[in-house]
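[1] Here is the input, now give the coordinates:
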Amino acid sequence: MRIVGALIAPVICAAAVLYFGYFTVWGARGLMALADTQRDLAVEREQLDAIRGDRERLQHRIELLQPGRADPDLVEEITRDQLIGTSPGQIAVPRRSH
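    Okay, here's the model as predicted:
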């Protein structure tokens, strides 16, 4: 009986340590969830970098089309794409006016 009484406190402590240890590693906010979250964050950062690159390219094209300082080559490219309806690999040859 005395042995059982002496083992109650260590058994309760061991159970508490196991309980919290389990959730520290495999719980919803444990180390395994942290690894998954970090992997997801890396993927999202790559997507953000790609979107930022696209935005910078579009911003540069917008700056090239500002009134008073429009890039003639870009204006011609956009006009050709919209008016002629070029396809990939198609070459447009301008005609001389009469």
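[2] Give the other helices and strands that the lengthiest helix in the chain contacts.
    Taking DSSP state H as the criterion, the chain has its longest helix at helix 31-64. Judged by 3 or more C-beta pairs under 8 Å, 6 or more residues apart in numbering; DSSP states H and E, helix 31-64 is in contact with helix 2-26. For glycine as for every other residue, the C-beta is placed from the backbone atoms N, C-alpha and C.
[3] Residues contacting the helix it packs on, please?
    With C-beta atoms under 8 Å, 6 or more residues apart in numbering as the test, helix 2-26 has contacts from 30-32.
[4] Report the mean confidence score over it.
    For helix 2-26, mean pLDDT rounds to 91.
[5] Report the angle between that helix and helix 31-64.
    Counting by axes from the mean of the first three to the mean of the last three C-alpha atoms, to 10 degrees, helix 2-26 lies at 20 degrees to helix 31-64.
[6] How far away from the center of its chain is helix 2-26?
    Relative to its chain's centre, helix 2-26 lies at 43 Å (C-alpha atoms, centre = their mean, to the nearest Å).
[7] Please apply the same query to stretch 51-58.
    Taking C-alpha atoms, centre = their mean, one finds stretch 51-58 lying 13 Å from the centre of the chain it belongs to.
[8] Please point out which parts of that stretch sit buried.
    Within stretch 51-58, no residue is scored as buried using 16 or more other C-beta atoms under 10 Å.
[9] could you dump the contacts of helix 2-26 to CSV with pLDDT?
    Compiled in CSV, the contacts of helix 2-26 are given as follows (pLDDT from 0 to 100):
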residue, pLDDT
Gly30, 91
Leu31, 91
Met32, 93
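[10] Give the buried residues for the longest helix of the chain.
    In helix 31-64, counting by 16+ other C-beta under 10 Å, buried: nothing.
[11] what's the following helix or strand after that helix?
    Counting by DSSP states H and E, the next helix or strand C-terminal to helix 31-64 is helix 72-83.
[12] Restricting to C-alpha, output that following helix in CSV.
    C-alpha atoms of helix 72-83 as CSV (Å, rounded to 0.1, in the frame of the first residue of the first chain):
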residue,chain,number,x,y,z
PRO,A,72,7.2,54.4,-80.3
ASP,A,73,8.2,50.8,-80.5
LEU,A,74,5.9,49.7,-77.7
VAL,A,75,3.1,51.7,-79.2
GLU,A,76,3.6,50.1,-82.6
GLU,A,77,3.7,46.6,-81.0
ILE,A,78,0.5,47.2,-79.1
THR,A,79,-1.2,48.7,-82.2
ARG,A,80,-0.1,45.8,-84.4
ASP,A,81,-1.3,43.2,-81.8
GLN,A,82,-4.7,44.9,-81.5
LEU,A,83,-5.3,45.8,-85.2
